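In: quick one, structure for this:
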Amino acid sequence: MTIKLYAISVDAAEPLRLARFWAAVLGREVVDDPHEGVALRPDGDPGFRIRFRPTDAPKVGQNRIHFDLTSASPEGQRATVSRAIEVGGRHADVGQKGDEGHVVVADLEGNEFCVCEADNNFLAGCGPVGAVNCDGTRAAGHFWSAALGWPLVWDQDEETAIQSRRGGAKVTWSGPPLMPRHGRDRVHLDLAPPVGADREAEVDRLLSLGATRVGAGRHTADDVVLADPDGTEFCILTPR
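Out: Next up, the predicted model:
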């Protein structure tokens, strides 16, 4: 297995401004260079970058992928929410009933995320970003487990989750019914083979697992764009 989850990419009208918001919330360092664009460095090993890529398309509807942030204590949860609001975020209504333990916040460009309660045992030990929460089916969870070589750590009632054997953030799928699509997803997964690996061989392997080829050039001409069994797009970057 050679391919890895390299980054979570977020389409942004103002990439640097949005990166600075998330740097303040997560305590990560902003990197701005020609190869990576604007990104936040991983906060440990294992870890993934969070990249902010320019787009002219307006945000329409709720994102199908969002971050679940963890809290060490009730005070820590309140502090994270307060920090997000102080740097330009806002409380968001995505249909919650009001008795949930998590708090839903939107960033400067309306991207929703959850600040989870301190006693959330499912995310215990995962780090500040506890999960990348995806709208998707059980089939998608099984596809991604095979694609990344990450074992399933939850597979029940149509909900699935995978996690690297080295730990870190989980990737979760919440099961049907799926949310409606509003054009291209603003948040997507970026995969990359290591230097020296055969990217086309990895693309062929992912196609054999159930992915479909969408095209190229989502952000650069070198990107290969595929979609998982639910039709959710992701990018295969050049080896790095």
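
In: how about the secondary structure of the closest residue to residue 71 other than its chain neighbours?
Out: Sequence neighbours aside, residue 77 is the residue nearest to residue 71 in space, at 3.7 Å (criterion: C-beta to C-beta, 6 or more residues apart in numbering). Just so you know, the C-beta spots here come from the backbone N, C-alpha and C atoms, and that holds for glycine as well. Judged by DSSP: H, G, I helix; E, B strand; the rest coil, the three-state class of residue 77 is helix.

In: quick one: contacts for residue 77?
Out: By C-beta atoms under 8 Å, 6 or more residues apart in numbering, the contact list for residue 77 reads 71, 103, 115-118.

In: mind giving me the packing neighbours of the longest strand anywhere in the chain?
Out: For the chain, the strand with the greatest residue count under DSSP state E is strand 4-12. For strand 4-12, the elements it packs on are helix 15-26, strand 49-54, strand 187-192, judged by 3 or more C-beta pairs under 8 Å, 6 or more residues apart in numbering; DSSP states H and E.

In: now distance to residue 144, mean neighbour count and mean pLDDT too, for these, in a markdown table please.
Out: Below are the helices and strands packed on strand 4-12 laid out as a markdown table (distance: least, C-beta to C-beta, whole Å; neighbours: other C-beta atoms under 10 Å; pLDDT from 0 to 100):
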| stretch | distance to residue 144 | mean neighbour count | mean pLDDT |
| --- | --- | --- | --- |
| helix 15-26 | 23 | 19 | 97 |
| strand 49-54 | 18 | 21 | 95 |
| strand 187-192 | 8 | 21 | 96 |
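
In: which parts of the worst-scoring helix or strand of the chain on mean pLDDT are buried?
Out: Of all helical and strand segments in the chain, the minimum by mean pLDDT, DSSP states H and E falls on strand 30-33, at a mean of 86. Using 16 or more other C-beta atoms under 10 Å as the test for burial, strand 30-33 gives residue 31.

In: and stretch 197-214, by the same measure?
Out: 199, 202-203, 205-206, 210-211.

In: show me the two of those that sit farthest apart.
Out: 199 and 210 (18.6 Å; C-beta to C-beta).

In: show me where pLDDT drops low in this protein?
Out: 1, 34 (pLDDT under 70).

In: hang on, the earlier thing: list the contacts of the longest strand of the chain.
Out: 18-19, 39, 48-55, 57, 65, 67, 109, 111, 132, 148, 164, 171, 184, 186-194, 219, 235, 237, 240.

In: residue boundaries of the helices in this protein?
Out: Assigned by DSSP state H, the helices in the chain fall at 15-26, 74-86, 138-148, 199-209.

In: if you count contacts, what does the third one end up packed against?
Out: To tie it back to what came earlier, the one meant is helix 138-148. Applying 3+ C-beta pairs under 8 Å, 6+ apart, one finds that helix 138-148 contacts strand 152-156, strand 159-162, strand 170-173, helix 199-209.
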